[in-house]
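>>> Structure for this input, please:
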Amino acid sequence: MTTPNTDELFQSTYDRVAARYDDLWSRHVQTPNDRLTRGLGLRRGERVADLACGSGAATLPMMRLNAPGETVAVDPSAGMLHLAREAAASEGLALSAIQAKAEDFIAAAPAASFDVLSMRFALAYLDWHSVLPAMGRLVRSGGRVGVLTSLATSAPQALTIYHRIAESMEMEINEPPTPKNIGIVEELLARGGLRIDDSWQHGFRLWFGSGVEATRWLLDTGYVTHPALKGLEGEVLDGLVELFGAHLDGEFREDDGLPLDFFVTGIIARRP
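Numbers count the residues shown, from 1 in each chain. As a prediction, this is how the structure comes out:
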């Protein structure tokens, strides 16, 4: 679960890297993003909400399918929303952008006010145990909810090093905040009155030139964070990055570089 401190860290991270985010992350997950969009079966005129929309990389493909229906893009990062608005405007599409956390939007939106809800790679940043069951309230009969998330088993190389360093420094160990398996997500969506239409998993591997490069990527994308990192900068942060990267290289480096493995799950659910 996130705390106020980590909420601020996430938002500042995404504001800072907004312009580079699609290159850092979105391009690596286009395949599962495209599959989720197809599975939602969007139709013209439907009202869609994309929660934690980021730069709009997945929002725009949905808008092309439901136009002239309204698409509401929700994200706490002003920088990300700016990019989403610009992307929509470049195609002559009208985007309703709302700067808010996904959980706040879900709590405030009227019941049965959308045909489709999409939430992609956001579960690490919110209390998904309560948010997932609440999503069903927002969709009309026949409405669909699509969730795409990394699993807690992702980046096992980095997780191994994190545990080792945290234990040696007597730091509190924070386990990955995402679900451990697809069944947990299915169960929570079903609690909200949704029926699971489809679920699947997708894995991929990213290669980095060094452990330090991989560590910087994990921090820059917001994929990894910790309350202890808040406020760290300069030589102190650089030293931690060098230490973590050296451990990654020492244990996991292969001939082609330093690999990180990721495991993604997608779920399509429907309100009967």
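>>> neighbours of S154, just the number please.
20 (other CB atoms under 10 Å). Glycine gets a C-beta too; all of them are placed from N, C-alpha and C.
>>> Spit out the contact partners of the residue lying closest to it once chain neighbours are set aside.
Closest residue in space to S154, ignoring its immediate chain neighbours: F262 at 4.5 Å, by CB to CB, 6 or more residues apart in numbering. By CB atoms under 8 Å, 6 or more residues apart in numbering, the residues touching F262 are H28, S150, S154, A155, G203, F204, R205, L206.
>>> and which of the residues you listed is nearest to F252?
Using CB to CB, A155 comes nearest to F252 of the contacts of F262, at 10.6 Å.
>>> That closest one reaches P259, doesn't it?
No: with contact defined as CB atoms under 8 Å, A155 does not reach P259; the gap is 9.8 Å.
>>> Between those two, point out the one with more neighbours.
Comparing A155 with P259 by other CB under 10 Å, the one with more neighbours is A155, at 22 against 16.
>>> strand partners of the one helix or strand V145 maps to, parallel vs antiparallel please.
Under the criterion of DSSP states H and E, V145 resides in strand 139-150. According to DSSP bridges, strand 139-150 has the following sheet partners: strand 114-120 (parallel), strand 258-270 (antiparallel).
>>> Go through the ones you listed and name the closest to L36.
Among the strands paired with strand 139-150, strand 258-270 comes nearest to L36, with 4.9 Å by CB to CB.
>>> Strands of the stretch 1-150 of the chain, residue ranges please.
All strands of the stretch 1-150 of the chain, identified by DSSP state E, counting those that start in this stretch, fall at 48-51, 71-75, 95-99, 114-120, 139-150.
>>> Need those strands in CSV (columns: mean neighbour count).
Output for the strands of the stretch 1-150 of the chain, formatted as CSV (neighbours: other CB atoms under 10 Å):
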stretch, mean neighbour count
strand 48-51, 27
strand 71-75, 27
strand 95-99, 17
strand 114-120, 25
strand 139-150, 21
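>>> Same list, those strands, but as a markdown table with mean pLDDT please.
Formatted as a markdown table, the strands of the stretch 1-150 of the chain follow (pLDDT from 0 to 100):
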| stretch | mean pLDDT |
| --- | --- |
| strand 48-51 | 98 |
| strand 71-75 | 97 |
| strand 95-99 | 96 |
| strand 114-120 | 98 |
| strand 139-150 | 98 |
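>>> Tabulate those strands in a markdown table, adding columns for distance to D238.
Shown next, in a markdown table, are those (distance: least, CB to CB, whole Å):
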| stretch | distance to D238 |
| --- | --- |
| strand 48-51 | 35 |
| strand 71-75 | 30 |
| strand 95-99 | 32 |
| strand 114-120 | 32 |
| strand 139-150 | 27 |
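>>> Which one of those strands lies nearest to N181?
strand 139-150 (10.9 Å).
>>> list the helices and strands the very next helix or strand once past that closest one packs on?
Downstream of strand 139-150, the first helix or strand assigned by DSSP H and E is helix 156-168. If contacts are counted by 3 or more CB pairs under 8 Å, 6 or more residues apart in numbering; DSSP states H and E, helix 156-168 sits against helix 211-220, helix 234-252, strand 258-270.
>>> buried sites along helix 156-168?
Buried residues in helix 156-168, defined by neighbour count with 16 or more other CB atoms under 10 Å: Q157, A158, L159, I161, Y162.
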